[in-house]
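Trainee: sequence and predicted model, in that order:
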Amino acid sequence: MAVSDASDLDVSIVLPVHNERGHLAQEVDRIRAAMDASRYSYELIVVDDGSHDGSGELARELGGLRLITLRDNRGSGAARRAGSRAARGRVVVWTDVDMTYPNDRIPWLVDQLGDHDQVVGARTSEQGTLKFARGPAKFLIRQLASHLVERRIPDLNSGFRAFRRDVGDQFLDELPDGFSCVTTLTMSFLTNGYSVDYVDIPYAERAGRSKFHWWADTRRYLRQVVRMALSYNPLRVFMPVGLLLLAFATGKLVFDWVSRDFSLSPNTLLLFLAAFQIITTGMLADLVARRGRRDRLLPSSRIHHEVVTLEPRARDPRAAEVVGLDARADDRPA
C-alpha cells in the first residue's frame with residue numbers, strides 16, 4: 001500500500017527516468033499493482049534526469065508519487081543517488097522503467113532480502129544492444145571484479161536490486177554519475193563485509209532507445225572496477241603483478257648466471273627493482289586504504305549481536321579457608 005507518512009515505511013522504489021514517456025505510465029501501473037497487492041507499505045520516487053520528451057510532466061500527472069527533477073541529464077547514477085537520498089523506507093529498491101526488469105516481482109525481491117544487506121537480480125540472458133561485444137566484455141570485467149573482492153559475482157551491473165537503506169546511505173557519495181553506479185554499490189557492500197545475495201531474474205528486450213554507449217560506458221565501467229579495487233583491496237592488484245615480475249626477474253638472473261659466467265646484466269637489476277617497487281607500492285596503498293576507511297560502519301544484518309548480563313561469581317568458602325591457612329602458615333615462626 002502506498003503511504004505518505006514516513007513513519008514505519010517499508011520500501012522506497014527509486015525510478016531513474018530519462019526520456020521514457022512512452023512506457024513510464026505502464027511501468028508505474030505495473031509496480032503499483034504489485035505493491036498494492038503485497039504486505040509492504042511503499043513510496044515511488046521518480047527522478048527525472050533532464051528529460052526533454054515530457055517524462056517529468058507525465059509523472060506529475062500520474063500523481064501518487066514523489067518527483068525529483070534534475071535540470072540537466074547527469075546519468076543514471078546521479079538519478080539513483082538523488083532518489084536514494086530522498087528515500088524514507090527501510091529498504092530501497094532500484095529498477096528501471098524501460099520494460100527490461102520484472103517490476104511486477106518487486107515484492108518478491110524484497111522478500112528475498114531476508115537478513116542479507118543487499119539482494120541483486122542476476123539476469124539469465126543478455127538482451128542489450130551490441131550483444132556480441134557486450135557479452136565478452138562483461139564476462140572479463142565480472143571476472144576481474146570477482147577476483148578483487150574474492151567472491152563470485154553472477155551479475156555485476158544489474159539495475160534490479162534491493163538493499164538496506166541505512167547501509168546504502170554510507171556509500172552514496174561514492175557512486176559515479178553513469179551506469180557504473182550499480183557496480184560501485186555492489187563492490188562497496190562486498191569489500192566492506194556486507195552480505196550480498198543473488199537471485200535469478202528474467203531480462204526482457206528494452207523498450208525505446210538505449211542510452212548505453214558501448215565504448216564510453218565500458219571504459220568507465222572498467223575504470224570504476226579498478227578504482228574500487230585500489231580503494232579497498234589494492235594488494236589484489238599490485239601483489240600478483242609484483243610477484244609475476246619478481247619470478248621473471250629470478251628466471252632472468254638464473255639465465256645470466258648460466259650464460260654469462262655468473263655475471264649480472266643491468267636489465268636484471270632493473271627487473272628486481274621494478275618488482276620490489278610494485279610490491280612496496282601495493283603495501284603502502286593497502287595501508288592508506290585501510291586507514292582511510294570509515295572508523296565505524298554499520299554492522300551487517302548477518303552479524304547477530306547479543307548482550308548477556310554476567311552475574312558476579314560467588315566466592316568459594318573453601319578457597320578462602322585455604323588462603324587463610326596459607327597466610328597463617330606464613331606467619332608461623334620457623
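Mentor: Structure's in. What do you need? Residues are numbered from 1 along each chain as shown.

Trainee: tally of neighbours for the nearest residue to Arg71 once chain neighbours are set aside?
Mentor: Nearest non-adjacent residue to Arg71, counting by CB to CB, 6 or more residues apart in numbering: Gly50, 6.4 Å away. Glycine gets a C-beta too; all of them are placed from N, C-alpha and C. Neighbourhood size, Gly50 [other CB atoms under 10 Å]: 18.

Trainee: check Gly50 and give its pLDDT.
Mentor: What the model reports as pLDDT for Gly50 is 93.

Trainee: run through the neighbouring helices and strands of the helix or strand where Gln277 lies.
Mentor: According to DSSP states H and E, Gln277 maps onto helix 266-292. Here helix 266-292 is seen to pack against helix 214-232, helix 235-259 when contacts are counted using 3 or more CB pairs under 8 Å, 6 or more residues apart in numbering; DSSP states H and E.

Trainee: for it, buried residues please.
Mentor: Counting neighbours by 16 or more other CB atoms under 10 Å, one finds that the buried residues in helix 266-292 are 268, 271-272, 274-275, 278-279, 282, 285-286, 289.

Trainee: my guess is Ile31 contacts Arg105. True?
Mentor: No. Contact criterion CB atoms under 8 Å: Ile31 and Arg105 do not qualify, at 10.2 Å.

Trainee: those two - which one has more neighbours?
Mentor: Between Ile31 and Arg105, counted using other CB under 10 Å, the more crowded position is Ile31 (22 against 18).

Trainee: that one: helix or strand, and which one exactly?
Mentor: Assigned by DSSP H and E, Ile31 falls in helix 21-36.

Trainee: repeat that for Gly56.
Mentor: Assigned by DSSP H and E, Gly56 falls in helix 55-62.

Trainee: by how many degrees do that helix and helix 21-36 diverge?
Mentor: Calculated by axes from the mean of the first three to the mean of the last three CA atoms, to 10 degrees, helix 55-62 forms an angle of 40 degrees with helix 21-36.

Trainee: still on that earlier bit, helices or strands up against the helix holding Ile31?
Mentor: Applying 3+ CB pairs under 8 Å, 6+ apart, we find helix 21-36 packed against strand 11-17, strand 42-49, helix 55-62, helix 106-113.

Trainee: related to what we said a few turns ago, now the helices and strands packed on helix 266-292 as TSV including mean neighbour count, mean pLDDT and distance to Trp94?
Mentor: As requested, these are exported to TSV (neighbours: other CB atoms under 10 Å; pLDDT from 0 to 100; distance: least, CB to CB, whole Å):
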stretch	mean neighbour count	mean pLDDT	distance to Trp94
helix 214-232	17	68	17
helix 235-259	15	90	27
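
Trainee: so which of those helices comes closest to Pro16?
Mentor: helix 214-232 (14.9 Å; CB to CB).

Trainee: doesn't Phe163 lie inside a helix?
Mentor: No. Counting by DSSP: H, G, I helix; E, B strand; the rest coil, Phe163 is not part of a helix but strand.

Trainee: can you report how many residues neighbour it?
Mentor: The tally of other residues near Phe163 (other CB under 10 Å) stands at 25.

Trainee: pretty sure it is touching Val92, no?
Mentor: Yes. Using CB under 8 Å, Phe163 is in contact with Val92, at 5.8 Å.

Trainee: so what touches stretch 276-296?
Mentor: Residues outside stretch 276-296 that contact it (CB atoms under 8 Å, 6 or more residues apart in numbering) are 170, 192, 230-235, 237-239, 241-243, 245-246.

Trainee: first-to-last residue distance for stretch 100-113?
Mentor: 21 Å (CA to CA, to the nearest Å).

Trainee: show me what contacts the nearest residue to Ser76 once chain neighbours are set aside?
Mentor: In space, and not counting its chain neighbours, Ser76 is closest to Pro16: 4.8 Å by CB to CB, 6+ apart. Contacts here follow CB under 8 Å, 6+ apart; on that basis Pro16 touches 47, 49, 76, 79-80, 83, 96-97.

Trainee: how about Arg74?
Mentor: 49-50, 177.

Trainee: ok, it to Arg66 distance?
Mentor: Using CB to CB, to the nearest Å, one gets 18 Å for the distance from Arg74 to Arg66.

Trainee: ok, Gly159 - contacts?
Mentor: 76, 94-96, 101, 182.

Trainee: from Ala34, how far out is it?
Mentor: Distance from Gly159 to Ala34, by CB to CB: 17 Å.

Trainee: now Ser12
Mentor: Ser12 sits 15 Å away from Ala34, going by CB to CB.

Trainee: can you check Leu271 too?
Mentor: Counting by CB to CB - Leu271 and Ala34 are separated by 60 Å.

Trainee: got it, and Gly178?
Mentor: Distance from Gly178 to Ala34, by CB to CB: 29 Å.
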